[in-house]
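*Asks:* this one's sequence-less:
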């Protein structure tokens, strides 16, 4: 898995999604863009990839597209329309773009990252999530945070893992 984070201006969301699909089709790996405000760590997205791949292998996926299945796991939701809130929107975006070859083709991943660099102005965004946004999206209360030994990021990782249980 490779990640590219930075700023992305989206004038037309459908056009951007078509560009991401084109890059994925031309290079091979799955490409999915996330709003950086919702991504707590690289481990968050790595776990989502692992869980999505496992669901696909078992025939338990809810999405036909691997990128959308990864998005659902990253969001901790089985409803695609609710998971889409974690995606990018029109206007200025702080993004983390995930590139992953299910076959482990690192060369293809690097080619996809190179193509994405034409659209993303690189800047450190990973881990610079918006805590109130994450808490609201993942429904993490102050009482829950006080009751666990870990951090908000740990609770989000647990939400991703628990999605399999909630099916």
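*Replies:* Cool, the structure landed. This one's a predicted model, so the numbers in the text were calculated from it and none came from an experiment.
*Asks:* which residues does the closest residue to residue 32 other than its chain neighbours contact?
*Replies:* For residue 32, ignoring the flanking residues on the chain, the nearest one in space by CB to CB, 6 or more residues apart in numbering is residue 67 at 4.2 Å. Just so you know, the C-beta spots here come from the backbone N, C-alpha and C atoms, and that holds for glycine as well. By CB atoms under 8 Å, 6 or more residues apart in numbering, residue 67 lies in contact with 24, 30-32.
*Asks:* Recalculate using a threshold of 7 Å.
*Replies:* 30-32 (CB atoms under 7 Å, 6 or more residues apart in numbering).
*Asks:* Of these, grab the buried ones for PyMOL.
*Replies:* PyMOL command restricting the contacts of residue 67 to the buried ones, with burial defined by 16 or more other CB atoms under 10 Å:
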select buried, resi 30+31+32
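*Asks:* Sketch out the low-pLDDT regions of the chain for me.
*Replies:* Within the chain, the ranges that satisfy pLDDT under 70 run 165-167.
*Asks:* ok, and for the longest helix along the chain, which residues are buried?
*Replies:* Using DSSP state H to define each element, the chain has its longest helix at helix 42-58. Neighbour-count burial for helix 42-58 flags 44-49, 51-53, 55-56 (criterion: 16+ other CB under 10 Å).
*Asks:* Show me how far it is from its chain's centre.
*Replies:* Here helix 42-58 is found 10 Å from its chain centre; the criterion is CA atoms, centre = their mean, to the nearest Å.
*Asks:* Same question for stretch 130-140.
*Replies:* Centroid separation for stretch 130-140 versus its chain: 15 Å, with CA atoms, centre = their mean.
*Asks:* One more: stretch 143-150?
*Replies:* With CA atoms, centre = their mean, you get 24 Å for stretch 143-150.
*Asks:* And stretch 49-68, by the same measure?
*Replies:* Put simply, stretch 49-68 sits 13 Å off its chain's centre (CA atoms, centre = their mean).
*Asks:* buried sites along stretch 11-26?
*Replies:* For stretch 11-26, the neighbour count (16+ other CB under 10 Å) marks 16-17, 19-20, 23-24 as buried.
*Asks:* thinking again about what came up before, from the buried residues of helix 42-58, which is closest to residue 100?
*Replies:* Within the buried residues of helix 42-58, the smallest distance to residue 100 is 5.4 Å, found for residue 49 (CB to CB).
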